[in-house]
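Novice: my questions are about this predicted structure, shown below with the sequence.
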Amino acid sequence: MPFLTLKVAVAIDVPDVGFIPNNLNFNGTVTPKKKFKCVFCGKTFEYLICGKRPYACMECGKSFSQKSSLNVHLRSHTGEKPYSCSHCGKSYAFKIALRTHRFTPKKKFKCVFCGKTFEYLSHMTRHMRKHSGEKPYVCTVCGKRFAQKTYLITHERTHSGERPYACMECGKSFSQKSSLNVHLRSHTGEKPYSCSHCGKTHMRTHSGEKPFVCTVCGKRFAQKTYLRIHQRTHSGERPYSCMECGKSFAQKSSLNVHLRSHTGEKPYSCSECGKSYAYKQGFNTHQCFG
């Protein structure tokens, strides 16, 4: 016996408003819409979020509909990078960037001089200038050449007098952000490497504890970093090299100080006369003897 197809029509009452509401049920009833009331003026809304952006960034004025979106955006100002790769330690501000990093095949670029490998071609190219001595970035004022563009930009400010990094507290400006960061401590009172006993910038001075021992000469140290630096006096290792002249150093801080001889940076300024110095020793001498 063949099957019969029946068409059934159901009559329902539809409000005569020119359209069928999206909250109309199959049984002909209409689900009451939820109302969200403003606690200040009593005005009601159909949706909790309706195009309003009540969360504004205090830095740039950009606004967001959700607080979580504002929190994510703030990382572009603070530099916070909470998502770290468990394999290489590289950090990212956004979760999607970390996910992209994890699933991107890592290409290795090898230096033909020393065999050191790099994840990015640009990093390898910059490294190879240490071997070749190439300095492609030239100052248009004095003709001085640099291996890295950042060094050239810093150097050019010695000619132009440009100081793009200004202190929000006193208005004093600097040619480099690192110099501004050091200056800000004079306002905040921050001492990033301070003793928990007396507040001075030393560690384990009170207890006298020196748990880190040199296996070559037996000298003891309060911090592991000090031991590492000391061990280089035995090994002769100088892992921090200047990209400009090839001179190498046992400590990164020594390299940073040396770089000022190339860039012309003078981060130590006298608050009385405004005279600037590249090195702290010269600045201290000036303050003592004028």
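Specialist: Cool, got the structure. Predicted, not measured: the structure shown is a model, and the values here were computed from it. Residues are numbered from 1 along each chain as shown.
Novice: now the strands: where do they sit in the stretch 151-290 of the chain?
Specialist: Applying DSSP state E, counting those that start in this stretch to the stretch 151-290 of the chain gives strands spanning 165-166, 173-174, 212-213, 220-221, 240-241, 248-249, 268-269, 276-277.
Novice: format those strands as JSON lines; extra columns: mean pLDDT.
Specialist: Output for the strands of the stretch 151-290 of the chain, formatted as JSON lines (pLDDT from 0 to 100):
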{"stretch": "strand 165-166", "mean pLDDT": "83"}
{"stretch": "strand 173-174", "mean pLDDT": "82"}
{"stretch": "strand 212-213", "mean pLDDT": "80"}
{"stretch": "strand 220-221", "mean pLDDT": "78"}
{"stretch": "strand 240-241", "mean pLDDT": "84"}
{"stretch": "strand 248-249", "mean pLDDT": "84"}
{"stretch": "strand 268-269", "mean pLDDT": "79"}
{"stretch": "strand 276-277", "mean pLDDT": "80"}
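Novice: dump these to TSV, plus distance to residue 68 and mean neighbour count.
Specialist: For the C-beta atoms, the positions are set from N, CA and C on the backbone; glycine is no exception. Output for the strands of the stretch 151-290 of the chain, formatted as TSV (distance: least, Cβ to Cβ, whole Å; neighbours: other Cβ atoms under 10 Å):
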stretch	distance to residue 68	mean neighbour count
strand 165-166	31	14
strand 173-174	35	18
strand 212-213	44	14
strand 220-221	45	16
strand 240-241	41	15
strand 248-249	45	16
strand 268-269	42	18
strand 276-277	45	18
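Novice: could I get those as a markdown table with distance to residue 228?
Specialist: Below are the strands of the stretch 151-290 of the chain laid out as a markdown table (distance: least, Cβ to Cβ, whole Å):
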| stretch | distance to residue 228 |
| --- | --- |
| strand 165-166 | 32 |
| strand 173-174 | 31 |
| strand 212-213 | 9 |
| strand 220-221 | 9 |
| strand 240-241 | 13 |
| strand 248-249 | 14 |
| strand 268-269 | 28 |
| strand 276-277 | 30 |
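Novice: for those, which one sits closest to residue 37?
Specialist: Closest of the strands of the stretch 151-290 of the chain to residue 37 is strand 165-166, at 46.1 Å (criterion: Cβ to Cβ).
Novice: tell me the strands beside that closest one, with direction?
Specialist: strand 173-174 (antiparallel) (DSSP bridges).
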